[in-house]
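Student: quick one, structure for this:
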Amino acid sequence: MIRVNALLLPYRVAQTCTDLDAATHDADLSRIASAGATGTNAMLRDLAPQREADVAISDCDDLFNAVAERLRMTVLALTSAAQRADSGDVRHVQCAVGECIEAFDHLHRSMANELDRRQHLEMELFDANTALAQARAELVGTQDGERRARHLALHDGLTSLPNRGYFVERLDQALSLPAPQRRPLSVMFLDLDGFKAVNDTHGHAVGDELLRIVAARLSRVVRAEDMVSRLGGDEFGCLLSGLDDREQLVQLAGKIFDAVSAPCKVGVLRLAVRASIGIAMSPGDGDTSDALLRNADAAMYHAKRCGLRHAFFAARPGECPAQCFLGIDADSDRLD
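Tutor: So this is what the prediction gives:
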């Protein structure tokens, strides 16, 4: 882009012509035309080294005004030359008109090039916005995909409960907190007595639906800050925080036992399974996730063998698991 430096000279000459009285200065028109031509020639010489270069947008108005004034002066000179039949003035007029036409052509090319550039920039901007929108959509899709993948990796596909890996991860996080921030932790390990018979008698579809019902019941019974997980098969785990009183754990275990063991309907079938619950407490019964799960599992098997609703792990040699409430009420009429 170039600046047009000589545009105002013909404009000023034309302004001088306008200010003069045309009736008394006809003899000077030839001089004015010549001076205007000189100004236009200066303009064109300024353009000549870069004849294909474009005129700066800020110069367009000046160029239009200069050429318009140059044409007006040319018309006046042509009128005077015709009246005097002065061939020299006619040649000046012809030269000036040619210069004006050339200036208009150059300006036309400049504006056409500028329009092409703007259209090109608009297309580039449109493409960039499209690419940005696509990148954002892909990023959102990737994040959604990552969240779905993580959810699938950490949750059981049948019951939608956290799986064993997620349960252990949360338990490890709770156990890794510094002592001042660590809350008392308890792990309940549940097994469904009689579930195998349901599967063998009624098929796996009925067994799967029964597991979903048990999972939903467990989720409703525990507190919001607690975690229920399907550890595998017909085994479930509960991670309980902030409970260090065995009486509180006994009450919660009783609610869980009643909720799980209550009869339920699966299609036209009326089914019931009995829960055996083992409880291990931290830090007394272990300070790692493996130890707590292993000890809660051992307590659960003790409860199953002894026909108990639940049992606590015997943390010290010779300590007997705590005796709890009576077994299931087989005559319960509660249905899900």
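Student: from here on, just use CA atoms for contacts and neighbour counts.
Tutor: Noted.
Student: can you mark which positions in stretch 163-173 are buried?
Tutor: Neighbour-count burial for stretch 163-173 flags 163, 164, 165, 166, 167, 168, 170, 171 (criterion: 16 or more other Cα atoms under 10 Å).
Student: quick one: contacts of that stretch?
Tutor: Residues from elsewhere that reach stretch 163-173 (Cα atoms under 8 Å, 6 or more residues apart in numbering): 154, 155, 156, 227, 229, 230, 231, 232, 237, 239, 288, 289.
Student: next one: stretch 283-297
Tutor: 168, 171-172, 175, 184-185, 187-189, 278-282, 312-313, 315.
Student: which parts of stretch 233-253 are buried?
Tutor: Buried positions in stretch 233-253, judged by neighbour count with 16+ other Cα under 10 Å: 234, 235, 236, 237, 238, 239, 240, 241, 244, 249, 250, 253.
Student: skip the chain neighbours and tell me the closest residue to the second one.
Tutor: Among residues not flanking residue 235 along the chain, residue 191 sits closest, at 4.7 Å (Cα to Cα, 6 or more residues apart in numbering).
Student: now that neighbour, what's its secondary structure?
Tutor: Using DSSP: H, G, I helix; E, B strand; the rest coil, the secondary structure recorded for residue 191 is strand.
Student: and it, how close does it get to residue 302?
Tutor: According to Cα to Cα, to the nearest Å, residue 191 and residue 302 sit 12 Å apart.
Student: the two: which has the busier surroundings?
Tutor: For residue 191 versus residue 302, neighbours defined as other Cα atoms under 10 Å are more numerous around residue 191 (23 against 20).
Student: from memory that one sits against residue 238, does it?
Tutor: No: contact criterion Cα atoms under 8 Å: residue 191 and residue 238 do not qualify, at 11.7 Å.
Student: distance of residue 219 from residue 210?
Tutor: 14 Å.
Student: and the two? Which one has more around it.
Tutor: Between residue 219 and residue 210, residue 210 has the larger neighbour count (other Cα under 10 Å), namely 22 against 17.
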